[in-house]
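In: No sequence on hand, only this structure:
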């Protein structure tokens, strides 16, 4: 039945578009990135600081060993000088004088030994031994004692040589550790700097790639909206200022869509009002022109019937003509009365109406449309309908839309074309149904028949607003409209209107 115009409720709220997803912003994102970089720098600095401490410890150890080595060289020199002095005084004749000089030399060596850093204690032992030699020389100097002193000093030289080699080896090991730490720290610093730059570049690249993509999407959608796009809203993929801009673009589209639909609805309603006024004027004029002569015809026919029933003889043929004149005259009067009722200016405020009477007058009027030639328009009206509290002009406009859509769907149908208008009631509402035996509505279109600007009619035959206007008008009256169809077997549009008492109870 419907190849028709359909439209979502123009007043439907756009709350889903107005939801703010804003939880971040460019400033907050920048702050987070900056905080991440600060954390990275702090961790990097802490790690490099730890490596620097290792390096500083190695440098300090080298300095300590170097000082130890210098002391060791000074000690070696003192011992060597003492050996030379011993050799010089080994054959002396003045033992007392030589003993005093050697004692002084030994005191110098002992002092050096005591200042040396020797964790093994060997040098302390040697210092104690030399101290005893010094005391003995001063007490009992002799050539034999000088010879023993020479041997002791030679043993000390061997000990010092061994300690000097150990210090040198230790110095080489610490120097190797220093070079290893230095090279490792250099590589680590380079790697950490490269990693930081790579992370920053990756984050910036991803951020600006997404930003560029989303800005492009917003620009494209804005251009499409300017060119008339009114489809699905832009998917909001961000929760920052650009996300707010996406929401604003969606709201702009929704607002434009709503305003355009309202404007179109207003145009449709004004057109309908002007059309109804013109039809009303024509109907009123026709009714005024034909009512008086028809009233005379009816009066004459009634008088002739009265004479016949009073006993006057009339032929069957004359009687048949009289009855035919009377029936046809009453029919013309009924049609003119219905046209007059249909053309009345109806209030735009809700009033109590008789739905069946409104259906009858609308069907009578619409049947004169050329689209209904060859179409059987029948009515199946329930007799127990209550009065409905609605805007009568809304119901007339809805029914006319449904009937015209049905007639359009039946255009070119082979075989009998039929439209049936039914009224029924249930516990809480009155049902108005328009059925046809046309091609029906395809299943993929059935869910879209009330969407904005959706139509299956050829260009120029429909604006896609007919059923959307119907739904909008019915919702103002508290009603509903539903489309049902089996493709290839016709379609049915059911209007559900609330019964006033039930509405008040709810």
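Out: Now that the structure is in, tell me what you want to look at. Worth saying up front: this structure is predicted, and the values here are computed from it rather than measured. Numbering: from 1, shown residues only.
In: From here on, just use CA atoms for contacts and neighbour counts.
Out: Will do.
In: residues contacting residue 379?
Out: 360, 420, 421, 422 (Cα atoms under 8 Å, 6 or more residues apart in numbering).
In: Farthest-apart pair in these, please.
Out: 360 and 420 (12.0 Å; Cα to Cα).
In: who wins for most neighbours among the contacts of residue 379?
Out: residue 421 (22 neighbours; other Cα atoms under 10 Å).
In: Would you verify that that residue is located in a helix?
Out: No - per DSSP: H, G, I helix; E, B strand; the rest coil, residue 421 lies outside any helix segment and is strand.
In: Centroid-wise, who is the farthest residue in this structure?
Out: residue 93 (111.2 Å; Cα atoms, centre = their mean).
In: Using the three-state scheme, assign that residue.
Out: coil.
In: Now for the spatially closest residue to residue 110 that is not a sequence neighbour: which residues touch it?
Out: Counting by Cα to Cα, 6 or more residues apart in numbering, residue 110 lies nearest to residue 127, which is 4.9 Å off, once chain neighbours are set aside. Contact partners of residue 127, counting by Cα under 8 Å, 6+ apart, are 109, 110, 113, 114.
In: got it, and residue 128?
Out: Per Cα under 8 Å, 6+ apart, neighbours of residue 128: residue 110.
In: Toward the C-terminus, what is the element adjacent to the host helix or strand of it?
Out: Using DSSP states H and E, residue 128 sits in helix 122-139. Downstream of helix 122-139, the next assigned helix or strand under DSSP H and E is helix 143-226.
In: one step back: ok, and for the helix holding residue 128, which residues are buried?
Out: Using 16 or more other Cα atoms under 10 Å as the test for burial, helix 122-139 gives 123, 124, 126, 127, 130, 131, 133, 134, 137, 138.
In: Quick one: these as JSON lines, columns for pLDDT and distance to residue 500 too.
Out: Output for the buried residues of helix 122-139, formatted as JSON lines (pLDDT from 0 to 100; distance: Cα to Cα, whole Å):
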{"residue": "123", "pLDDT": "80", "distance to residue 500": "120"}
{"residue": "124", "pLDDT": "82", "distance to residue 500": "120"}
{"residue": "126", "pLDDT": "81", "distance to residue 500": "125"}
{"residue": "127", "pLDDT": "81", "distance to residue 500": "124"}
{"residue": "130", "pLDDT": "84", "distance to residue 500": "130"}
{"residue": "131", "pLDDT": "86", "distance to residue 500": "129"}
{"residue": "133", "pLDDT": "81", "distance to residue 500": "134"}
{"residue": "134", "pLDDT": "82", "distance to residue 500": "134"}
{"residue": "137", "pLDDT": "80", "distance to residue 500": "139"}
{"residue": "138", "pLDDT": "81", "distance to residue 500": "140"}
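In: Closest to residue 163 out of these?
Out: residue 123 (9.6 Å).
In: hang on, the closest one packs against residue 113?
Out: Yes - here residue 123 reaches residue 113: they are 5.8 Å apart, a contact under Cα atoms under 8 Å.
In: Between the two ends of stretch 370-390, what distance do you get?
Out: 30 Å (Cα to Cα, to the nearest Å).
In: Flag every buried residue along it.
Out: For stretch 370-390, by 16+ other Cα under 10 Å, it's 372, 375, 377, 379, 381, 385, 386, 388, 389, 390.
In: For residue 410, see how far away the second one is.
Out: Going back to what we said before, that points to residue 375. 8 Å.
In: Same question for the first one.
Out: Plainly put, residue 372 is 9 Å away from residue 410 if you go by Cα to Cα.
In: Within the helices and strands, which one has residue 377?
Out: Here residue 377 is assigned to strand 375-381, by DSSP H and E.
In: cool, and residue 109?
Out: Residue 109 belongs to helix 95-115, assigned by DSSP H and E.
In: Can you tell me what sits against stretch 56-73?
Out: With Cα under 8 Å, 6+ apart, stretch 56-73 has contacts from 112, 116-117, 160, 164, 167-168, 170-171, 174-175, 177-178.
In: Dump the residues you listed into CSV; add pLDDT as well.
Out: Listed next are the contacts of stretch 56-73 as CSV, based on pLDDT from 0 to 100:
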residue, pLDDT
112, 80
116, 75
117, 72
160, 83
164, 83
167, 81
168, 84
170, 84
171, 84
174, 85
175, 86
177, 86
178, 85
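In: And for stretch 188-204, what's in contact with it?
Out: Against stretch 188-204 from outside (Cα under 8 Å, 6+ apart): 40, 44, 48.
In: How many residues are close by the second one?
Out: In this case it means residue 44. 17.
In: Give me the pLDDT for it.
Out: Looking at residue 44, its pLDDT reads 87.
In: try the one 4 residues further on
Out: At residue 48 the predicted local confidence, pLDDT, stands at 86.
In: just residue 354 next, same as before
Out: For residue 354, the predicted pLDDT is 90.
In: again, but for residue 66
Out: At residue 66, pLDDT is 84.
In: How much space separates residue 351 from residue 362?
Out: Residue 351 is 18 Å from residue 362, by Cα to Cα.
In: ok so, going back, what do residue 375 and residue 410 both touch?
Out: residue 417.
In: can you count the residues close to residue 412?
Out: Other residues within reach of residue 412, judged by other Cα under 10 Å, total 9.
In: Name the SS class of it, please.
Out: Assignment for residue 412 (three-state DSSP): coil.
In: Adjust the sequence numbering to begin at 577 for everything that follows.
Out: Yep, numbering from 577; the last one is residue 988 now.
In: For it, grab phi and psi.
Out: phi 80, psi 10 (degrees, to the nearest 10).
In: Low-confidence bits of the stretch 577-726 of the chain, can you list those?
Out: Where the stretch 577-726 of the chain drops to pLDDT under 70, the residues are 577-600.
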